[in-house]
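**Student:** sequence unavailable; structure follows:
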């Protein structure tokens, strides 16, 4: 598919696969010890039949019933995991920034697709939303392994634009999410801070577990600039011509205050937080996700 190769890089997939193999024993261990839920899934515990409808997975058709009754029925099973994971990927204009191999947006998409791959490998359900001032695209939660291509291609056609309305987006999700799950936010969080905090608090109040991947470029974090430089806003028409050495101390102090506030508010609202550099290896971020996922499943 046209967008698939853009974010699912071969080297990343190799690392993901190795991580999944290492994690599989842990995953199987805590899933096998979980209580059953009333939701339908794909465990070994048969629950009931229902009539086949177009689009159902043929692997779940009970062919013995078809042989007896000449009608198609699908087996339903009792699910042994409650995890429904929703990826939220920031596609605002500030995500275009990047001085390495990947922009923040490209890294965020790669990270989201890789997490989705891992979730599907563990037979949980995952969906994806791309957002800026509002939700621009939605891929519903599914458990089929080939669902990854729907997520990849949905993100591949997006073009970063506009500003970020984090509160509006999170409020929409809080009002429309069918039941509690894990919400994974992949963003640079360059948005109205009171709105961001209010939105995080709202979706936590609705019972969702929240994991925030704060994606930043090395230049944003280290401010290595020297010599006359023109800085241009990605989400405004503002610009600044200056000697960056004169700004470095103040910039880094403001950045640290921003990061401290985000970490503090995430902790206060019981949201898991991870600062991710675009130069950071992908499997390090995935390891962070996996450790958070174990924590979430232990809460159930």
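**Tutor:** In hand now; what should we look at? Here the structure is a predicted model, which means the values were calculated and not measured. Residues are numbered from 1 along each chain as shown.
**Student:** tell me where the stretch 51-200 of the chain is predicted with low confidence.
**Tutor:** Per-residue confidence of the stretch 51-200 of the chain (counting by pLDDT under 70) places the weak regions at 53, 55-57, 76-82, 178.
**Student:** could you chop the chain up by domain?
**Tutor:** Following automatic domain parsing, one finds the domains of the chain at 4-24+81-299, 40-78.
**Student:** could you say which of those domains is packed most deeply?
**Tutor:** Ranked by mean neighbour count under mean count of other CB atoms under 10 Å, those are led by domain 4-24+81-299, which reaches a mean of 18. Any C-beta I mention is one placed from the backbone N, CA and C, and that applies to glycine too.
**Student:** check contacts around residue 248.
**Tutor:** Contact analysis of residue 248 by CB atoms under 8 Å, 6 or more residues apart in numbering lists 223, 225.
**Student:** now do residue 214
**Tutor:** If you count contacts by CB under 8 Å, 6+ apart, residue 214 has them with 187-189, 259, 262, 273-276.
**Student:** what's the answer for residue 66, then?
**Tutor:** Taking CB under 8 Å, 6+ apart as the test, what residue 66 contacts is 72-73.
**Student:** quick one on the thing from earlier: would a markdown table of the contacts of residue 214 with distance to residue 211 and secondary structure be doable?
**Tutor:** As requested, the contacts of residue 214 are exported to a markdown table (distance: CB to CB, whole Å; DSSP: H, G, I helix; E, B strand; the rest coil):
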| residue | distance to residue 211 | secondary structure |
| --- | --- | --- |
| 187 | 12 | strand |
| 188 | 16 | coil |
| 189 | 13 | coil |
| 259 | 17 | helix |
| 262 | 14 | helix |
| 273 | 8 | strand |
| 274 | 7 | strand |
| 275 | 13 | strand |
| 276 | 11 | strand |
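**Student:** where does residue 158 sit: helix, strand or coil?
**Tutor:** When classified by DSSP: H, G, I helix; E, B strand; the rest coil, residue 158 comes out as coil.
**Student:** shouldn't it be in contact with residue 135?
**Tutor:** No - counting by CB atoms under 8 Å, residue 158 does not reach residue 135; the two are 11.5 Å apart.
**Student:** now do the host helix or strand of residue 255: distance to the chain's middle.
**Tutor:** Secondary structure assigned from DSSP states H and E places residue 255 in helix 244-268. The chain centre lies 24 Å from the centre of helix 244-268; the measure is CA atoms, centre = their mean, to the nearest Å.
**Student:** separation between residue 166 and residue 99?
**Tutor:** Residue 166 sits 25 Å away from residue 99, taking CB to CB, to the nearest Å as the criterion.
**Student:** same check on residue 244?
**Tutor:** 14 Å.
**Student:** same check on residue 67?
**Tutor:** Applying CB to CB, one obtains 63 Å for the distance of residue 67 from residue 99.
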